[in-house]
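A.B. asks: Okay, here's the prediction I keep looking at, along with the sequence it came from:
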Amino acid sequence: MQFALALDANSGPHPIRSCEGGGIDRSERLSIGGSKQEKALRNRCFGGRVAATTQCILTSDACPETLHFQTQSSRKSYADANRVSAIILGGGTGSQLFPLTSTRATPAVLAATQMPEEPAGWFQGTADSIRKFIWVLEDYYNHKSIEHIVILSGDQLYRMNYMELVQKHVEDNADITISCAPVDESRASNNGLVKFDHTGRVLQFFEKPKGADLNSMRVDTNFLSYAIADAQKYPYIASMGIYVFKKDALLDLLKSKYAQLHDFESEILPRAVVDHSVQACIFMGYWEDVGTIKSFFDANLALTEQLSKFDFYDPKTPFFTAPRYLPPTQMDKCKIKDASISDGCLLSECSIEHSVIGVCSRVSYGCELKDCVMMGADIYETEEEASKLLLAGKVPVGIGGNTKIRNCIVDMNARIGKNVVITNSKGFQEADHPEEGYYIRSGIVVILKNATIKDGSVI
């Protein structure tokens, strides 16, 4: 007895990258045109499954172990994870996230990080930060036979299988591959924008354009209509700050060709698209750059919503954090709605809505928090210690009784007294009051790390 089963990956909805074609005029607005071209562009710019056929043959006159698999794949080149290395850029002084970055770099703990107290200009840009360590990297790359370098940004929230990006990079035989995402008008000018032809080759790269320059980077995104309900609302394609370089191309750019240039997006990539093979890979998952106070605030609060756009609980791709070995949070007669509460908190007779509460936070009786990101504390004060502070007219770590807070970020170890009101009722967009322990950025009140807000204060 004999049977055969054919499994064809082409039966799924995932496109096969198989088109070829020329470019478009650099001065023209990108226009895809007909359906065939749209399909070709889709296929070139998206990572997808590979066409493959598997035959399974089982015969009755063979032993049970006689099971033969024959696989034929349309891929000509495969990415080898053992030949891929990654660099995480941890950010510099993080001016757009100030005052949260007044004492720390943009991500809390990341590689290639420059701290505020280091000499100004030590890292002069993203490319320069890698160039400063290139002697270490070259030795490692040669020892490990590394062929491709993935460069990642540390101030973003997304979920990505990097090997799919690397696989596209290898199949395209690109010198550089840029992971890109469609963005709307409001976000476009905060990112590097790209234009590419129907083969996915990047023709133009413009870092944070404004005015007429921004309008010149608009593209026809109808090829995204199968994935986005209203693709016309996203007329720009933004760089995610995630790249794959051929090792030799990266070293040549940093050491020889552009040795005097310091930043990838503002200096090197706009030039590299002219004389290197630079490809775009469109990412359609959730992606949020949290490099500004507003984006950081909004992204955190969005995680508290029901059916959040970003899911931390996907069992196939789980997120892990460093174990802190804290006790469970204790809540006594609290009202909690659409909130994320971390470990080790003490919450007593308070109301918390649409907020994120960090580790070891203490919120006292009668408090009302809404639309707040409370970073928590890295110290514990006992009840005895807190009582002594109160008797001395001082403020314990956490939030005192009957305090009302809205639209606010409370940084680590802040001490907020009793009967405080923090609502920015006058609607200020920007304000600097470091001597009083707070700033206002984009209408959001930011209570400084280790700040003390006295009893009865109104902000």
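C.D. replies: Thanks, I have it. Numbers count the residues shown, from 1 in each chain.
A.B. asks: Would you map the helices across the stretch 101-250 of the chain?
C.D. replies: Using DSSP state H, counting those that start in this stretch, the helices of the stretch 101-250 of the chain run over residues 126-131, 134-144, 162-172, 185-188, 211-216, 247-252.
A.B. asks: Now render those as CSV, adding mean pLDDT.
C.D. replies: Formatted as CSV, those follow (pLDDT from 0 to 100):
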stretch, mean pLDDT
helix 126-131, 87
helix 134-144, 83
helix 162-172, 96
helix 185-188, 92
helix 211-216, 95
helix 247-252, 93
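A.B. asks: among the ones you listed, which is nearest Met374?
C.D. replies: helix 185-188 (26.4 Å; CB to CB). C-betas here are computed from N, CA, C, even on glycine.
A.B. asks: if we can go back for a sec, out of the helices of the stretch 101-250 of the chain, which is closest to Ser266?
C.D. replies: helix 126-131 (9.0 Å).
A.B. asks: Which elements pack onto that closest one?
C.D. replies: Judged by 3 or more CB pairs under 8 Å, 6 or more residues apart in numbering; DSSP states H and E, helix 126-131 is in contact with strand 84-89.
A.B. asks: Partner strands of the strand it packs on and their direction?
C.D. replies: Taking DSSP bridges as the criterion, strand 84-89 sits next to strand 148-153 (parallel) in its sheet.
A.B. asks: tell me the mean pLDDT over the partner strand?
C.D. replies: If you average the pLDDT over strand 148-153, you get 94.
A.B. asks: about what we covered before: of all the helices of the stretch 101-250 of the chain, which one is nearest Leu347?
C.D. replies: When these are compared (using CB to CB), the closest one is helix 185-188, at 35.1 Å.
A.B. asks: If we go by neighbour counts, what in the closest one is buried?
C.D. replies: Across helix 185-188, burial judged by 16 or more other CB atoms under 10 Å covers Arg187, Ala188.
A.B. asks: for stretch 285-296, same thing?
C.D. replies: By 16+ other CB under 10 Å, the buried positions in stretch 285-296 come out as Tyr286, Trp287, Glu288, Asp289, Val290, Gly291, Thr292, Ile293, Ser295, Phe296.
A.B. asks: The fourth one contacts Gly192, correct?
C.D. replies: No: here Asp289 does not reach Gly192: they are 11.1 Å apart, not a contact under CB atoms under 8 Å.
A.B. asks: and for the two, which residues touch both?
C.D. replies: Counting by CB atoms under 8 Å, 6 or more residues apart in numbering, the residues touching both Asp289 and Gly192 are Gly241.
A.B. asks: any chance of the helices of the stretch 101-250 of the chain in a markdown table, plus distance to Val273?
C.D. replies: Output for the helices of the stretch 101-250 of the chain, formatted as a markdown table (distance: least, CB to CB, whole Å):
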| stretch | distance to Val273 |
| --- | --- |
| helix 126-131 | 15 |
| helix 134-144 | 23 |
| helix 162-172 | 14 |
| helix 185-188 | 18 |
| helix 211-216 | 15 |
| helix 247-252 | 13 |
